[in-house]
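*Asks:* Next comes the sequence, and after it the predicted model I'd like to discuss.
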Amino acid sequence: MSLNALEMKDVSFSYNHQQVLEDINFTIEEKDFVAIIGPNGGGKSTLLKIVLGLLTPDKGEVKVFGREPKKALDLVGYLPQHTHFDLDFPIDVFETVLMGRYHGMFKNYTSEDREIALQALKDVDMERYKDRQISRLSGGQIQRVLIARALAREPKLLLMDEPMASIDPEMQNSFYRLISHLKDRMTLVLVSHDVGTVSMHVDKIACLNQKLYYHGPAEEAGEGLEEIYHCSIEHISHGIPHRVLRKH
Amino acid sequence: MFEFIQYDFMQRAFIAAILVSVACGAVGTYVVIKKIVSMSGAISHAAFGGVGLGYLLGVNPVVAAIPFSIVAALSMGAVQEKVKISEDTAIGILWSVGMALGIIFVNLKSGYAPDLFSYLFGSILTVSNTDLYIMLVLDLIILIVVFLFRREFLGVSFDEEFSKVVGLPSTLINMLLLALIALSVVVLIKVVGIILLIALLAIPAAICKQYTYDIRKLMISSTIIGAILTSLGLILAFIFNLSSGATIILVLGAALFISYFIQE
Ligand SMILES: Nc1ncnc2c1ncn2[C@@H]1O[C@H](COP(=O)(O)OP(=O)(O)OP(=O)(O)O)[C@@H](O)[C@H]1O
Ligand SMILES: [Mg+2]
């Protein structure tokens, strides 16, 4: 029997009485590649934080590989949309990525952990910078390091909140190439605003704006998109191959 | 010129200078990189409550300050976790409530509190052997805890959200770090006193942070720089017959200023 990577049942969430998510029913099967799209403030980042156990829903049930979110953290990797760390912090690139290998108190990082961390840096083409202090990186380079940190966890479920923010086109291409390799190994969830690019790569799209308006094959996401963005597909899908977002 | 080294009290003072530097190097580094200098200031002022309690109960004020400042530090952590109060506000409150408690405790004990001043402004020249043993034991505890939890302290200092996501018990670790700060405060009390303490805790790491990005080197260099500057302050205070705590702090401040200048 294979467990679903994620199951959300009737999940609602509010920040100080401001409803952000409402009755979300959302199931992601193992090895799915799902993009979550939706307008600013639609609750995408909030949803990921619930999956990670950083936020607790007001009601409803969340199961990650059949477990409580906080009990499933060893299976989950995360790339945050915003990071709050001080860039002047005394830490280098390699150590930052190594933190993705954390597996509990009193457990030293093994040589295997180090190899995995180094491989993750190679995957994002950043191994040259491994000894560099993080403040001496550009914004996009930091983003790559954080992608490597998420990959180093070798998760079964990888959550990425706008991974392509500040990444140059060349790296974007190699990122999607990398992702297509990862697809066989893990479940991928990606938040993005770039509907066009994303829908060419993912299997499924989830449209989120407080409620989950659509979740299904990327080719048929048209109506869900219209509903959440309150405008017609022609408008948002400008420049998108017709195959992807055709009218029904 | 160096005849002062013959005096017992001077020898003890130099040992004290080294012992405080260990706490500054290990814990001061986290205080600086995690940007919790003012919170540490609040913990140090709250420790005065413990000193007052010591007077009242007739026990060594430094010993009484240990549990008291740990409790103060942990309640600070708990308030941040549970109550919707801004950190800034909590710091200000802890700062003065702790001091006020200390004053009331001293009031309750009728009679004159002879060396109260030394706890407020420090007096490294009157450090006793007992004080040195207490400092040594606390230093050892600090070093062991920092060594055992170095990954966790680094994680919560650098990126607390991510450390939660990899399953690091961040609340517990934050509390542990606050407790270590409380212990460091106790190590430093006799040397520079509650009011001047925070500068001694933070300045060595603030100086060294400009020159290294490696946290291990940062801790070691802060310890060395701390020992040198504290000793220098001690010698100057002795030669010019000045208040030792204040002299040490001014030497540290001057060194920080010069180091920024060199770095420019
Ligand atoms: N920490 C917070 N406290 C209070 N309200 C919040 C907080 N974080 C988010 N919100 C609110 O919750 C709503 C959803 O935010 P969320 O960050 O999940 O949106 P999003 O879909 O990720 O948006 P974006 O596309 O801009 O990243 C927004 O209306 C926002 O104002
Ligand atoms: Mg977001």
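*Replies:* In hand now; what should we look at? Ligands and ions are numbered 1, 2, ... in the order given.
*Asks:* Point out the other helices and strands that the host helix or strand of A:Met171 packs with.
*Replies:* Assignment of secondary structure by DSSP states H and E places A:Met171 within helix A:169-182. Identification of packing neighbours for helix A:169-182 by 3 or more CB pairs under 8 Å, 6 or more residues apart in numbering or on different chains; DSSP states H and E yields helix A:139-152, strand A:187-191, helix A:195-201. C-beta coordinates here come from the backbone N, C-alpha and C atoms, glycine included.
*Asks:* mind redoing it with 6 Å?
*Replies:* Secondary-structure packing of helix A:169-182 (3 or more CB pairs under 6 Å, 6 or more residues apart in numbering or on different chains; DSSP states H and E): no helix or strand packs against it.
*Asks:* Could I get the CA-only coordinates of that helix as PDB?
*Replies:* Once non-C-alpha atoms are left out, helix A:169-182 reads as follows in PDB (Å, rounded to 0.1, in the frame of the first residue of the first chain):
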ATOM      1  CA  PRO A 169      16.900  32.000 -17.300                       C
ATOM      2  CA  GLU A 170      19.900  29.700 -17.800                       C
ATOM      3  CA  MET A 171      19.600  28.400 -14.300                       C
ATOM      4  CA  GLN A 172      15.900  28.200 -14.600                       C
ATOM      5  CA  ASN A 173      16.300  25.800 -17.500                       C
ATOM      6  CA  SER A 174      18.800  23.700 -15.600                       C
ATOM      7  CA  PHE A 175      16.600  23.800 -12.600                       C
ATOM      8  CA  TYR A 176      13.700  22.300 -14.500                       C
ATOM      9  CA  ARG A 177      16.100  19.700 -15.900                       C
ATOM     10  CA  LEU A 178      17.200  18.900 -12.400                       C
ATOM     11  CA  ILE A 179      13.600  18.700 -11.200                       C
ATOM     12  CA  SER A 180      12.700  16.300 -14.000                       C
ATOM     13  CA  HIS A 181      15.400  13.900 -12.600                       C
ATOM     14  CA  LEU A 182      14.100  14.400  -9.100                       C
END
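*Asks:* List the buried residues for that helix?
*Replies:* Residues of helix A:169-182 classed as buried: A:Met171, A:Phe175, A:Leu178, A:Ile179, A:Leu182 (neighbour count, 16 or more other CB atoms under 10 Å in any protein chain shown).
*Asks:* Also stretch B:120-128?
*Replies:* If you call a residue buried by 16+ other CB under 10 Å, then stretch B:120-128 has these buried ones: B:Leu120, B:Phe121, B:Gly122, B:Ser123, B:Ile124, B:Leu125, B:Val127.
*Asks:* picking that back up, redo the buried residues of helix A:169-182 as CSV? Include distance to B:Phe149 and pLDDT.
*Replies:* Supplementary listing: these in CSV, determined by distance: CB to CB, whole Å; pLDDT from 0 to 100:
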residue, distance to B:Phe149, pLDDT
A:Met171, 36, 82
A:Phe175, 35, 85
A:Leu178, 34, 84
A:Ile179, 35, 85
A:Leu182, 33, 86
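*Asks:* would you list those residues in a markdown table and tack on distance to A:Ser138?
*Replies:* Putting the buried residues of helix A:169-182 into a markdown table (distance: CB to CB, whole Å) gives the following:
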| residue | distance to A:Ser138 |
| --- | --- |
| A:Met171 | 12 |
| A:Phe175 | 16 |
| A:Leu178 | 20 |
| A:Ile179 | 22 |
| A:Leu182 | 24 |
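*Asks:* And these, which is closest to A:Ala148?
*Replies:* Minimum distance to A:Ala148 across the buried residues of helix A:169-182 is 10.5 Å, recorded for A:Leu178 (CB to CB).
*Asks:* how near is the residue nearest to that closest one when sequence neighbours are not counted to A:Asp74?
*Replies:* For A:Leu178, ignoring the flanking residues on the chain, the nearest one in space by CB to CB, 6 or more residues apart in numbering or on different chains is A:Asp123 at 5.6 Å. When CB to CB, to the nearest Å is applied, the distance between A:Asp123 and A:Asp74 equals 20 Å.
*Asks:* out of these two, which sits in the busier spot?
*Replies:* Using other CB atoms under 10 Å in any protein chain shown, the more surrounded residue of A:Asp123 and A:Asp74 is A:Asp123, with 19 against 15.
*Asks:* Need the phi and psi values for the more buried one.
*Replies:* In terms of degrees, to the nearest 10, the main-chain angles of A:Asp123 are phi -60, psi -30.
*Asks:* Kindly report the same for A:His82.
*Replies:* Backbone torsions of A:His82, given as degrees, to the nearest 10, read phi -120, psi 140.
*Asks:* Next: the one 4 residues further on.
*Replies:* Dihedral angles phi and psi of A:Asp86 (degrees, to the nearest 10) take the values phi -80, psi 120.
*Asks:* And the pLDDT at it?
*Replies:* Per-residue confidence (pLDDT) for A:Asp86: 86.
*Asks:* so what's it closest to, chain neighbours aside?
*Replies:* With CB to CB, 6+ apart as the criterion, A:Asp86 has its nearest non-adjacent residue at 6.9 Å, and that residue is B:Lys35.
*Asks:* And A:Ile24, by the same measure?
*Replies:* With CB to CB, 6+ apart as the measure, A:Val11 is the residue that lies nearest to A:Ile24, at 4.4 Å, once sequence neighbours are left out.
*Asks:* go on, A:Asp10?
*Replies:* Leaving out its chain neighbours, the residue that sits closest to A:Asp10 by CB to CB, 6+ apart is A:Gly60, at 4.2 Å.
*Asks:* one step back: so what touches the helix holding A:Met171?
*Replies:* Helix A:169-182 has contacts (CB atoms under 6 Å, 6 or more residues apart in numbering or on different chains) with A:Asp123, A:Met164, A:His201.
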